[in-house]
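Student: have a look at this prediction, sequence included:
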Amino acid sequence: MWTRREMLAMTTVLGAGSAFAKEASVSGDILRRKVPSSGEQLPAIGIGSWETFDVDDVAPVQPVLAKFLAGGGRVIDSSPMYGRSEAAIGKMIAAIKPAASPFLATKVWTTGQREGIAQMERSVSRMGAKVIDLMQVHNLVDWKTQLATLREWKAAGKVRYIGLTHYGALDELERVVRAESIDFVQLPYSVAQRGAEKRLLPACEDRGAAVLVMEPFAKGALFAKVKGKALPAVAGELGCTSWAQLFLKFILGHPAVTCPIPATSKVAHLDDNMGAMRGPVPTAAQRAAIVAAI
């Protein structure tokens, strides 16, 4: 199996002949997506923190977050489930002092009202934020209890948006999305994981819920699928110079998607991912071509 680094080196060479792809990846305004419940515009590529920011010493990973924020990124997703990630994010943001305020998203992942409030208060403190932009019920754990608290927090101005997440129970997540009024849904979706297309993504679109996408590279499995393959012609049409950018563009081609949140601890991978924020969004025919290419 090839590593992401090897794939990146290979696709840089193979894509060098496409002048359009080169130009589109480094120029022009970044893609933005609207949050349906408010109209707020968010940059179309965010960053996750599962494992990558679970560190005591932030020095090795701070350049990644600094480059993300300097490049126009805003959405940073975490969870108390992610070990030291929330505290690391808070420490890095305090050191970086970005010009534009980050969009901080984290989660509540416990049972009981009192426990949920205590956990969310710890998250606010760890991330160094007066207000959390998005608080999500992680994996639907005790969602009725936690969602009630989240609505109180939103009314009080402690959080700006509320949401739900799950990595696998798509049917259950769809039922809750259709029954409740929420701002965001976080779900797994990629060229290799398309189960959300059937009902969940349409439900989010119908109910006006923004969508954050976890696992946009199917936990790295997509790079194994394209091992040894040259970038298809559709990559040049979309201004993509790597498979990673093409995989992210496929996701952004779905009208319900607001922001994929790939996690990385490497600046080169971050630069590559951010390239997907430029150039056109694929049409249905171009998305079909991306599927066919793998």
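Tutor: Received, thanks. Numbering: from 1, shown residues only.

Student: does residue 261 touch residue 42 like I think?
Tutor: No. Counting by CB atoms under 8 Å, residue 261 sits too far from residue 42 to count as a contact (11.1 Å). For the C-beta atoms, the positions are set from N, CA and C on the backbone; glycine is no exception.

Student: name the residues contacting each of the two.
Tutor: By the contact definition CB atoms under 8 Å, 6 or more residues apart in numbering, residue 261 and residue 42 are jointly contacted by residue 75.

Student: those two: which has the busier surroundings?
Tutor: Higher neighbour count among residue 261 and residue 42: residue 261, with 23 against 20, using other CB atoms under 10 Å.

Student: and the more buried one, how close does it get to residue 138?
Tutor: Between residue 261 and residue 138 the computed distance is 14 Å (CB to CB, to the nearest Å).

Student: got phi/psi on residue 214?
Tutor: Listed backbone geometry of residue 214 is phi -90, psi 160, with angles given as degrees, to the nearest 10.

Student: which residues touch it?
Tutor: Residue 214 makes contact with 48, 77, 165, 167, 186-189, 261, according to CB under 8 Å, 6+ apart.

Student: which of those residues fall in strands?
Tutor: 77, 165, 186-188 (DSSP state E).

Student: closest to residue 110 out of those?
Tutor: The shortest approach to residue 110 among these belongs to residue 165, at 14.0 Å (CB to CB).

Student: got the contact list for that closest one?
Tutor: Neighbour list for residue 165: 107, 136-140, 185-187, 212, 214 [criterion: CB under 8 Å, 6+ apart].

Student: what about 10 Å?
Tutor: Residues touching residue 165, when contacts are defined by CB atoms under 10 Å, 6 or more residues apart in numbering, comprise 77, 79, 105, 107, 109, 136-141, 143, 173, 184-188, 212, 214.

Student: do the same with residue 190
Tutor: Residue 190 sits in contact with 196, 213-219, 221-222, 247-248, 250-251, 260, where contact means CB under 10 Å, 6+ apart.

Student: how about a cut-off of 6 Å?
Tutor: When contacts are counted by CB atoms under 6 Å, 6 or more residues apart in numbering, residue 190 touches 216, 218.

Student: okay, it and residue 170: tell me how far apart.
Tutor: Residue 190 sits 14 Å away from residue 170, taking CB to CB as the criterion.

Student: just the buried members of the contacts of residue 214?
Tutor: 48, 77, 165, 186-189, 261 (16 or more other CB atoms under 10 Å).

Student: backbone phi and psi for residue 40, please?
Tutor: Backbone dihedrals for residue 40, given as degrees, to the nearest 10, come out at phi -60, psi 140.

Student: from residue 144, how far out is the nearest residue to residue 143 once chain neighbours are set aside?
Tutor: Spatial nearest neighbour of residue 143, chain neighbours left out: residue 137 (4.7 Å); criterion: CB to CB, 6 or more residues apart in numbering. Here the criterion is CB to CB. By it, residue 137 lies 9 Å from residue 144.

Student: let me see the contact set for the residue most central in space within the chain.
Tutor: The structure's the chain has its C-alpha centroid closest to residue 261; by CA atoms, centre = their mean the separation is 1.7 Å. With contacts defined as CB under 6 Å, 6+ apart, the neighbours of residue 261 are 46, 48, 77, 212.
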